[in-house]
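S.K.: The following comprises the amino acid sequence and a computationally predicted model.
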Amino acid sequence: MEEIVFFDTAKNSVSNFFEKEFDSFPPLIMSHFLNRFNDIMNYSEEGLKIRPKLIFTDSIEIISKALSKTTTITVFEDSEPTMFNSRLKSLLAIAKQDWCIFIDIKEGKISYGLIMSFRSIKDKGVVQLLEENTTLRERAVKINCIIARPLNFYTMYLHSISGNDLKVNFSLDKSKSNDIDLAITNFVDTTFSKLRTTQRKLQDMKNMYHNIFNSVLNDVNGAICVIVDKDYVDNGFFEDGIWLKEPISFSKLFTQTKSYSEVKLQAYASMLINMLNFDGITIIDNQGRLRAYNVFVEPNAKKVGYVVGGARKRAAYHILTSRRKGIVAVYFQSHEGEVFFQALKHKEKKEVKVVNKQQTLF
């Protein structure tokens, strides 16, 4: 007897979320959106995975003005929602880097287009600004806005302007429900964990790394980035690679002068992305310095065990199981879109208790 299982719970949860947070949302667009839900999470263009960000609203002009330094490009305008699938497909193909897709829904008109914030690479992007904007949140009674974006290739994250969230996961395996945003956040925090500077400059550098690695998700097929301690000296484990004679310190781009060069920031960011896109492992330390790239290790099959995945994933687990002193953590991204960040578990030093024996003289 054949049995068919549907994800009705997820479907109903999404519908209820939109009904609560955007009560004038057209039912036909809701139906189209639900039918394309899985496609949006797993969208690819010419073999490259893309994580599109969608903004459903009725006030795109207010949002653009509130975020400042933001531009919108309206591509399509319809009087009916029947063309939703076609419009969305056309925009998905070009919604790369920091461009977000907006669907602005007003009575008698539906506009489709792109929105982007023209800010420094050290500043937050449209989605993060929109999710954190308290001014817009206070006006939530006057405007409707829901952001939909994939957290990974199994989970869609919905966030309303009023501050409510919903995560929809379609994986039957909980181990595949990793949060890409959380992985990148933990990676960035660890990368600068031993850098001493002002809070403002530290946040700028963290924002820059967030932006770099969000670009890596869309522009790089796979990558391994290893974080080592600032005092790490390689003893041969990573000898098969290119070590920079002088580590590149991203912090110096901010700390040498009161001003900074945006061109230089962009150039260094592009170089890091190119290194991550190159064969092998990229190594940075926990002061945010770039130390090496094009590094290779030979996985130990006995130590690593059976790993589902290619050579890159086996290399990542080889590093994790090595438990070598000075290696802090590993960031991994596969061609298929799997992402994880994991710290090494080092061997605990056994505490040796020394008992001083007192000699008694008679």
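M.R.: Now that the structure is in, tell me what you want to look at.

S.K.: Could you use CA atoms for every contact and neighbour count after this?
M.R.: Will do.

S.K.: show me where pLDDT drops low in this structure?
M.R.: Scanning the chain with the threshold set as pLDDT under 70 gives 1-2, 5-6, 46-48, 139-141, 173-178, 254-260, 301-309, 337, 346-362.

S.K.: From the chain's centroid, how far away is the lengthiest helix in the chain?
M.R.: Using DSSP state H to define each element, the chain has its longest helix at helix 199-219. Put simply, helix 199-219 sits 10 Å off its chain's centre (Cα atoms, centre = their mean, to the nearest Å).

S.K.: Check which helices and strands that helix is in contact with.
M.R.: Helix 199-219 is packed against strand 48-49, helix 180-191, helix 262-277, with contacts defined by 3 or more Cα pairs under 8 Å, 6 or more residues apart in numbering; DSSP states H and E.

S.K.: just the angle between it and helix 262-277, please?
M.R.: With axes from the mean of the first three to the mean of the last three Cα atoms, to 10 degrees applied, the angle from helix 199-219 to helix 262-277 works out at 50 degrees.

S.K.: Provide the strand pairings for the very next helix or strand once past helix 199-219, with the direction of each partner.
M.R.: Where DSSP states H and E defines the elements, the next helix or strand beyond helix 199-219 is strand 223-228. The strands beside strand 223-228 in its sheet (DSSP bridges) come out as strand 281-285 (parallel), strand 327-333 (antiparallel).

S.K.: Out of the helices and strands packed on helix 199-219, the one nearest residue 198 is which?
M.R.: Among the helices and strands packed on helix 199-219, helix 180-191 comes nearest to residue 198, with 14.8 Å by Cα to Cα.

S.K.: what sits up against stretch 283-296?
M.R.: With Cα atoms under 8 Å, 6 or more residues apart in numbering as the test, stretch 283-296 has contacts from 190-195, 225-230, 238-244, 246-251, 275-276, 278-282.

S.K.: before we move on, what about stretch 107-115?
M.R.: Around stretch 107-115, the neighbours that count as contacts under Cα under 8 Å, 6+ apart are 64, 70-81, 87-88, 91, 95, 99-105, 126.

S.K.: Now that stretch: buried residues?
M.R.: For stretch 107-115, a neighbour-count test (16 or more other Cα atoms under 10 Å) marks 110-115 as buried.

S.K.: Same question for stretch 28-48.
M.R.: 29-30, 33-34, 38, 40-44.

S.K.: PyMOL command to pick out the buried ones of the contacts of stretch 283-296?
M.R.: The PyMOL selection below is limited to those of the contacts of stretch 283-296 classed as buried (16+ other Cα under 10 Å):
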select buried, resi 190+191+192+193+195+225+226+227+228+229+230+238+241+242+243+248+249+250+251+275+276+278+279+280+281+282
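
S.K.: ok so, going back, deepest in the core, which of the helices and strands packed on helix 199-219 is it.
M.R.: With neighbours taken as mean count of other Cα atoms under 10 Å, the helices and strands packed on helix 199-219 reach their highest mean count in helix 180-191, at a mean of 19.

S.K.: That one - contacts with which helices or strands?
M.R.: Packed next to helix 180-191, using 3+ Cα pairs under 8 Å, 6+ apart, are helix 199-219, strand 339-343.

S.K.: Any chance of TSV for these, columns mean neighbour count and distance to residue 165?
M.R.: Output for these, formatted as TSV (neighbours: other Cα atoms under 10 Å; distance: least, Cα to Cα, whole Å):
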stretch	mean neighbour count	distance to residue 165
helix 199-219	19	21
strand 339-343	20	22
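
S.K.: Hmm, residue 166 is touching residue 150, no?
M.R.: No - taking contacts as Cα atoms under 8 Å, residue 166 lies outside contact range of residue 150: 11.6 Å.

S.K.: Thanks a lot, catch you later.
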